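In: Please work out how this folds:
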Amino acid sequence: MEKKLPTEHLKLATLESQGLTQDTPFGTGKTAVLNALEHLGYLQIDTLSMVERAHHHTLWTRIPDFQADYLEELVEERKVFEYWFHAASYLPMRDFRYVLPQMLSIKRGESRYYNADPKLMSYVTDMIRNEGPKRARDFENESQKGGSWWNWKPAKLALERLFMQGDLMISGRSGMQKTYDLAERVLPSSIDTTEPAPLELAEYLVKTNLRAYGFTTVKQITHLRKGDELKKNVSQVLENMLEEGLISQVKTGGLSSIFVGSDVADRTFELKDSHIQLLSPFDNAIIHRDRIRQIFDFDFRLECYTPKEKRQYGYFCLPILFGDQFVGRVDCKAHRKEKKFELIHLHIENSAIGLERWLKPFVETIKRFAVFNGCESLMVTKVSPSKLSAVIKKELSGVRFKR
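Out: Numbers count the residues shown, from 1 in each chain. Predicted coordinates for the structure are as follows:
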């Protein structure tokens, strides 16, 4: 039988589970980065750079003293690795075996993607085995040598296929430039490399979702994962956990078939009234757009892939979370050469929350974010609704940066 829970309870449960209600939910320094990643389960990597890249932004939101080097160092220390979750992601090394089903499926040729030339794959593998770790650009240079029998595009595909099927791993990064090495030279000897059974994989996904989000649904757990068998196994795991009393099934508003940890259903959550967050569009907390719309009544879509004339809000908008409500979004750009952070268009959408409650903490957060992006000044180009433009620009113009 489903219990009834107010939407407010689920909001607070998921924000706390995501590490968005406290100043240092995972601690500080490099240890906090690993703690955060092991708790959240994954961290999406993105190449867009209008502001600091998504994987760094997401960690900065939860770790005030975050530095980009921490993540790269954890990869080099073999505590974190890169692979595909629902997108290119950082994953905790302890969870390596749960990507094996996808790796082995690709190796068996069950994917219509990554159709690389086997001879070229063998050449790339031998080159890395004999000469050591390589970057993609090393193969680009190799293809330009006189008498070469291959060119860059097929070599790049071979490299990607070898990575996706688990023969190669990323051993380090310099920005977005990846370095590849043989998996056997990257994986720590202590890591379990036993392929999980289908039901075991489903259990891992269920427990990861419950830990990271506080509540979940079958749709959320199987987000962007194909196959009726997985949905069946996830449903079976949830049923088993219900029978054991580990989770409860609840409904809120018009939503049903929501699963929460039994402790979550009975807990009391606290949230500072002035707590404000500027989230990456790829932040774990908002990556499931339907879920955010249903629970938070916030309709968010990243419009950088939308033709300019059809955009409603802007190229790269960041949602603004105040307490447990979204008050709006802001289209931003870090002009790094000029060290200037631009608020291209600030959209204020929640008029029920007075500006006097959230504007000052918002300005402080914007200032911190500008510094994180290597900027030393702020500029505001447009505010909607326009009647609020003067007061907001005045508040932001008073921001002073240390020289």
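
In: Would you mark the buried spots in stretch 65-84?
Out: The neighbour-count check on stretch 65-84 (16 or more other CB atoms under 10 Å) flags 66-68, 70-71, 74-75, 79-84 as buried. (Glycine included, C-beta is placed from N, CA and C.)

In: Contacts for that stretch, please.
Out: 28-30, 32-34, 37, 45, 52, 55-56, 59-60, 88-93, 96, 99, 102-103, 164, 169-173, 178, 186-188 (CB atoms under 8 Å, 6 or more residues apart in numbering).

In: need the contact list for residue 322.
Out: Neighbours of residue 322 in contact, by CB under 8 Å, 6+ apart: 275-276, 350, 353, 357-358, 361-362.

In: ok so, going back, just the buried ones from the contacts of stretch 65-84?
Out: Among those, those scoring as buried are 30, 32-34, 37, 45, 52, 55-56, 59-60, 89-93, 96, 99, 102-103, 164, 169-173, 178, 186-187 (criterion: 16+ other CB under 10 Å).

In: Name the SS class of residue 343, please.
Out: Counting by DSSP: H, G, I helix; E, B strand; the rest coil, the backbone at residue 343 sits in strand.

In: Skipping its backbone neighbours, what lies nearest it in space?
Out: Nearest non-adjacent residue to residue 343, counting by CB to CB, 6 or more residues apart in numbering: residue 380, 4.6 Å away.

In: Now the phi/psi pair for that neighbour, please.
Out: Dihedral pair for residue 380: phi -120, psi 120, per degrees, to the nearest 10.

In: repeat for residue 44
Out: Per-residue torsions, residue 44: phi -70, psi 130 (degrees, to the nearest 10).

In: OK, contacts around it?
Out: Residue 44 touches 54-55, 58, 85-89, 282, 284, 287, counting by CB under 8 Å, 6+ apart.

In: bridging residues for it?
Out: Beta-bridge pairing for residue 44 (DSSP bridges): residue 89.

In: where in this structure is pLDDT low?
Out: For the chain, applying pLDDT under 70 flags the ranges 1, 141-152, 273, 403.

In: Now do the buried residues in the longest helix belonging to it.
Out: Taking DSSP state H as the criterion, the chain has its longest helix at helix 355-372. Neighbour-count burial for helix 355-372 flags 358-359, 361-363, 365-367, 369-370, 372 (criterion: 16+ other CB under 10 Å).

In: Distance to residue 319 for those residues - can I get that in TSV?
Out: Formatted as TSV, the buried residues of helix 355-372 follow (distance: CB to CB, whole Å):
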residue	distance to residue 319
358	13
359	17
361	15
362	12
363	17
365	12
366	14
367	18
369	13
370	17
372	17
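
In: hey, where'd the strands end up in the stretch 251-400 of the chain?
Out: In the stretch 251-400 of the chain, the strands defined using DSSP state E, counting those that start in this stretch lie at 255-261, 276-278, 317-322, 325-335, 340-348, 377-380, 383-384.

In: okay, the ones you listed in TSV with distance to residue 206 next?
Out: Shown next, in TSV, are the strands of the stretch 251-400 of the chain (distance: least, CB to CB, whole Å):
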stretch	distance to residue 206
strand 255-261	8
strand 276-278	27
strand 317-322	26
strand 325-335	27
strand 340-348	36
strand 377-380	43
strand 383-384	41
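
In: Which among those strands is found nearest to residue 115?
Out: strand 317-322 (36.5 Å; CB to CB).

In: got the angle between the closest one and helix 355-372?
Out: On the basis of axes from the mean of the first three to the mean of the last three CA atoms, to 10 degrees, strand 317-322 is oriented at 130 degrees to helix 355-372.

In: partners of strand 317-322 in the sheet?
Out: Strand 317-322 has its sheet partners listed here by DSSP bridges as strand 276-278 (antiparallel), strand 325-335 (antiparallel).

In: Can you name the residues that contact residue 221?
Out: Residue 221 is in contact with 205-206, 209, 234, counting by CB under 8 Å, 6+ apart.

In: could you flag which of these are buried?
Out: Neighbour counting by 16+ other CB under 10 Å classes 205-206, 209, 234 among those as buried.

In: Farthest pair within these?
Out: Applying CB to CB across the buried ones among the contacts of residue 221, the maximum distance is between 209 and 234, 9.3 Å.

In: mind listing the strands in the stretch 51-200 of the chain by residue range?
Out: So, for the stretch 51-200 of the chain - with DSSP E, counting those that start in this stretch - the strands run 80-84, 88-92, 134-135, 168-174, 177-182.

In: Could you report the distance from the residue nearest the centre of the chain to residue 30?
Out: Note on the chain: the residue nearest the mean C-alpha position is residue 44, at 3.4 Å, using CA atoms, centre = their mean. Applying CB to CB, to the nearest Å, the value for residue 44 to residue 30 is 20 Å.

In: How about residue 376?
Out: Distance of residue 376 to residue 30, computed by CB to CB: 26 Å.

In: Then residue 161?
Out: 32 Å.

In: Quick one: neighbours of the closest residue to residue 199 other than its chain neighbours, just the number.
Out: Closest residue to residue 199 apart from its sequence neighbours, by CB to CB, 6+ apart: residue 233 at 5.2 Å. Using other CB atoms under 10 Å, residue 233 is surrounded by 21 other residues.

In: ok, residue 233 to residue 201 distance?
Out: From residue 233 to residue 201 the distance is 7 Å (CB to CB).

In: what residues are shared contacts of the two?
Out: When CB under 8 Å, 6+ apart defines a contact, no residue borders residue 233 and residue 201 alike.

In: so how far is stretch 285-301 off the chain centroid?
Out: The chain centre lies 15 Å from the centre of stretch 285-301; the measure is CA atoms, centre = their mean, to the nearest Å.
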